[in-house]
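**Q** Pasted the sequence and its predicted model underneath.
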Amino acid sequence: AGALLVPESRKIAGLLLNKTGKDAWKEAVEGQNILQARSISTAKRIAALIRSRLELMDAGLWKLIADGDSLVATHAVFAASIKHCVLLGDYLDLVVRDQFNQFEERLSKKVWDEYINHCRQRDPMLKEFPPTTATKIRTNVHKILVEAGYLRDRKSLLLQRPDVAGEVIDYLQNKNESYVLKCMQV
């Protein structure tokens, strides 16, 4: 969907923490436009995406997102995004980790293409993306990695090792989220 959407995720986490009912949810997202979207359909789409990410975790992570500082909230949303999208998690685990281990300075666009081809070999059910879609997905994944601190910027794709927020690591360890934790600790 393009990004981690941390400010929007903070608002959705607040709604989840308050156990907002269906009508109040609709009023907040559509009526009050708490996500400040350009249209109701965009607000509904973004809210649905964020909710689907966050509902894979529990109120402990939602609280980190809603109340944590910028780094904590970002890494908490990143953790939920990894759990929500195995393509993102496996890219971190299999490709980004390997690039760090080989002391590469940057990710290349080529490693993404190789990764997608490898995914298709492992899972023939993975559909062939049109070239524009494949490019958009790669761009969005790299944008997420910049936001989470794994890449310096989207242009250079320079790798950097982030210090993952301790509160997020503690949460993941306590909840036995070993896959997500492994992906984040490249």
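**A** Structure received.
**Q** contacts and neighbour counts: CA atoms only from here.
**A** Noted.
**Q** any idea of the mean pLDDT in the helix or strand hosting I169?
**A** Per DSSP states H and E, I169 falls inside helix 166-174. Per-residue pLDDT over helix 166-174 has a mean of 97.
**Q** in that helix, what counts as buried?
**A** Across helix 166-174, burial judged by 16 or more other C-alpha atoms under 10 Å covers 167-169, 171-172.
**Q** chain center to that helix: distance?
**A** The gap between where helix 166-174 is centred and where its chain is centred comes out at 16 Å by C-alpha atoms, centre = their mean, to the nearest Å.
**Q** name the helices or strands packed onto that helix?
**A** For helix 166-174, the helices and strands in contact under the criterion 3 or more C-alpha pairs under 8 Å, 6 or more residues apart in numbering; DSSP states H and E are helix 59-67, helix 70-84, helix 178-184.
**Q** Looking at the buried residues of helix 166-174, which is nearest A148?
**A** Distance to A148 across the buried residues of helix 166-174 (C-alpha to C-alpha) is lowest for V168, with 12.5 Å.
**Q** what's the closest non-adjacent residue to that closest one?
**A** In space, and not counting its chain neighbours, V168 is closest to A76: 5.9 Å by C-alpha to C-alpha, 6 or more residues apart in numbering.
**Q** contacting residues for that neighbour?
**A** Under the criterion of C-alpha atoms under 8 Å, 6 or more residues apart in numbering, the contact partners of A76 comprise 61, 64-65, 168.
**Q** now the residue of the chain most remote from its centre: how far from E30?
**A** Ranking residues of the chain by C-alpha distance from their mean position (C-alpha atoms, centre = their mean) puts D23 at the top, at 27.4 Å. When C-alpha to C-alpha, to the nearest Å is the yardstick, D23 and E30 sit 10 Å from each other.
**Q** List the buried residues of the lowest-mean-pLDDT helix or strand in the chain.
**A** When the helices and strands of the chain are compared on mean pLDDT, DSSP states H and E, helix 109-122 comes out lowest with a mean of 86. Applying a neighbour-count criterion of 16+ other C-alpha under 10 Å, one finds 112, 115-116, 119 buried in helix 109-122.
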